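Student: Fold the following, please.
(one chain, ligands or ions: 1)
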Amino acid sequence: MAAEIVNEISEFLQKGRAKNVKKLVQQALDEGVDAKEILEEGLLSGMMTIGGKFKRNEVFVPEVLVAARAMNAGVTILEPKLIEIGNEPIGKAVIGTVKGDLHDIGKNLVVMMMKGAGFEIVDLGTDVPAEAFVDKAEEIGADVIGMSALLTTTMPNMKDILDVLEERGLRDKYIVMAGGAPVNQAFADQIGADYYTEDAASAAEVAKEAVLKRKAS
Ligand code: B1M
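Tutor: Numbers count the residues shown, from 1 in each chain. Prediction:
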């Protein structure tokens with residue numbers, strides 16, 4: 001019974017049907033289904049499925065955006081219950097588009113996928129100075145700093161974030177991830193980032209693995 005309704009939630013989420021997701025999440029709660037099960041097996045699992053399809057080019061940006069909207073609708077209903085039972089996020093991340101760069105569509109997808117993977121995210125927006133990444137990461141006790149850039153002229157600004165971390169003696173405290181169309185593995189290695197990922201779904205997967213590995217060690 002519980003499995004049936006959470007599967008339905010996952011299916012509706014993948015179709016971007018926010019109203020149905022909202023209604024079913026409420027119904028599942030009323031029927032006594034565990035809030036964590038609704039989150040993990042319904043909402044997050046649906047979002048990860050969409051992430052996989054997006055990676056394989058089976059769905060595109062609009063489908064991901066409506067699925068994310070449906071996920072947010074479900075999370076809103078679930079949130080009071082999750083706070084009540086003290087559901088811990090998998091980790092915390094600050095993400096932004098680097099200084100001088102106003103492109104945010106890809107960065108927003110990374111934010112959505114990482115939320116879908118169970119992260120608590122602070123989205124710093126676009127044109128973010130290096131110090132702001134580090135200040136916010138320190139303020140919220142982040143595990144991950146995610147940097148996005150879409151211009152060949154702004155991607156070098158990612159290095160400034162790593163420099164600020166070094167200057168403040170904080171480099172080893174954070175998992176630093178880089179991405180965006182002009183960025184590649186060689187560039188990420190050159191500036192000393194921990195991970196480069198090509199797309200938003202991989203960013204969420206890699207961040208989750210890296211945080212779990214770090215917490216286990
Ligand atoms: Co701009 N723009 N743009 N633009 N724009 C590009 C990037 C460009 C390639 C177009 C072109 O000339 N062919 C070119 C860059 C050339 C270069 O640097 N080599 C360019 C230019 C030149 C400019 C301006 C300078 C134009 C001008 O004013 N003369 C200007 C710069 C403004 C600024 O930033 N200071 C500019 C402005 C704009 C708009 C404002 C009009 C608009 C942005 C709107 C917005 O973002 N809200 C815009 C757009 C839309 C584009 C294109 C058309 C699309 C970018 C996009 O959203 N792609 C783009 C051309 C193109 O790519 N075809 C272009 C879809 C998105 C899902 O992909 O962001 O790559 P992407 O994200 C991917 C991955 O890269 C990855 O995950 C996502 C998918 O899963 N990813 C990460 C992204 N961040 C990640 C972080 C991670 C991991 C993965 O870890 C933390």
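Student: In terms of helices and strands, where is D123?
Tutor: Using DSSP states H and E, D123 sits in strand 119-128.
Student: Could you list every helix and strand in contact with that strand?
Tutor: strand 91-98, helix 105-116, helix 130-140, helix 200-216 (3 or more Cβ pairs under 8 Å, 6 or more residues apart in numbering; DSSP states H and E). No exception for glycine: its C-beta is placed from N, CA and C like everyone else's.
Student: Tell me which of the ones you listed is the most buried.
Tutor: Ranked by mean neighbour count, the helices and strands packed on strand 119-128 are led by strand 91-98 with a mean of 26 (mean count of other Cβ atoms under 10 Å).
Student: count of residues packed around I83?
Tutor: 10 (other Cβ atoms under 10 Å).
Student: what does I38 give?
Tutor: I38: 27 neighbours (other Cβ under 10 Å).
Student: Is it correct that it is in contact with V75?
Tutor: No. With contact defined as Cβ atoms under 8 Å, I38 does not count as touching V75 (9.9 Å).
Student: would you put the C-alpha positions of the helix or strand that contains L65 in PDB?
Tutor: Using DSSP H and E, L65 sits in helix 61-84. Only the C-alpha atoms of helix 61-84 are listed here, as PDB (Å, rounded to 0.1, in the frame of the first residue of the first chain):
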ATOM      1  CA  VAL A  61      15.700  21.100 -19.700                       C
ATOM      2  CA  PRO A  62      11.900  21.800 -19.700                       C
ATOM      3  CA  GLU A  63      11.100  18.300 -18.400                       C
ATOM      4  CA  VAL A  64      13.700  18.700 -15.700                       C
ATOM      5  CA  LEU A  65      12.300  22.100 -14.700                       C
ATOM      6  CA  VAL A  66       8.700  20.800 -14.400                       C
ATOM      7  CA  ALA A  67       9.800  17.800 -12.500                       C
ATOM      8  CA  ALA A  68      11.800  20.000 -10.100                       C
ATOM      9  CA  ARG A  69       8.700  22.200  -9.600                       C
ATOM     10  CA  ALA A  70       6.700  19.100  -8.800                       C
ATOM     11  CA  MET A  71       9.400  18.000  -6.300                       C
ATOM     12  CA  ASN A  72       9.300  21.400  -4.600                       C
ATOM     13  CA  ALA A  73       5.500  21.100  -4.300                       C
ATOM     14  CA  GLY A  74       5.800  17.800  -2.600                       C
ATOM     15  CA  VAL A  75       8.600  18.900  -0.300                       C
ATOM     16  CA  THR A  76       6.500  21.900   0.800                       C
ATOM     17  CA  ILE A  77       3.900  19.500   2.100                       C
ATOM     18  CA  LEU A  78       6.400  17.200   3.700                       C
ATOM     19  CA  GLU A  79       8.700  19.800   5.200                       C
ATOM     20  CA  PRO A  80       6.900  20.300   8.600                       C
ATOM     21  CA  LYS A  81       6.800  16.500   9.200                       C
ATOM     22  CA  LEU A  82      10.500  16.200   8.200                       C
ATOM     23  CA  ILE A  83      11.500  19.000  10.600                       C
ATOM     24  CA  GLU A  84       9.400  17.300  13.300                       C
END
